[in-house]
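Enquirer: Kindly generate the corresponding structure for this input.
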Amino acid sequence: MRLPEPEHPAWLQVISGETIHPYESLATKIILGRLNLKFRQDSSPEATRQYIQELRGYFAMNLRLPKVQADLARIFDEGAAQ
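Expert: Residues are numbered from 1 along each chain as shown. Purely as a prediction, here's the structure:
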């Protein structure tokens, strides 16, 4: 799966907690929990761009891992799970 561009609305939806998915990777759960907390503290456009870049970087570095691939697919291929 290709990594979607930062402008894709799903990035913001998962960082803000608007959508929640049953992630397979513990690392995905941890980074999203941390980014969600940071977003609640500072949701300015500049900070939000940084959060999205950090999350994209995580997925880019770990895209070879099957659980991370599954998590990325959940974010961009499915609607909100819960």
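Enquirer: where exactly do the helices run in this protein?
Expert: Per DSSP state H, the chain carries helices over the ranges 9-16, 26-41, 45-62, 66-77.
Enquirer: Put together CSV for those helices, with distance to L3, mean pLDDT and mean neighbour count on each row.
Expert: Where you see a C-beta, it was placed from the backbone N, CA and C, and this is true even at glycine. Shown next, in CSV, are these (distance: least, C-beta to C-beta, whole Å; pLDDT from 0 to 100; neighbours: other C-beta atoms under 10 Å):
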stretch, distance to L3, mean pLDDT, mean neighbour count
helix 9-16, 10, 97, 18
helix 26-41, 14, 98, 15
helix 45-62, 6, 98, 15
helix 66-77, 8, 95, 17
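Enquirer: hang on, isn't L3 packed against F59?
Expert: Yes: counting by C-beta atoms under 8 Å, L3 does reach F59; the two are 6.0 Å apart.
Enquirer: so what sits against both of the two?
Expert: The contact sets of L3 and F59 overlap at L72 (C-beta atoms under 8 Å, 6 or more residues apart in numbering).
Enquirer: Name the residues that touch stretch 67-78?
Expert: For stretch 67-78, contacts defined as C-beta under 8 Å, 6+ apart pick out 1, 3-4, 8, 10-11, 14, 19, 21-25, 27-28, 59, 62-63, 81.
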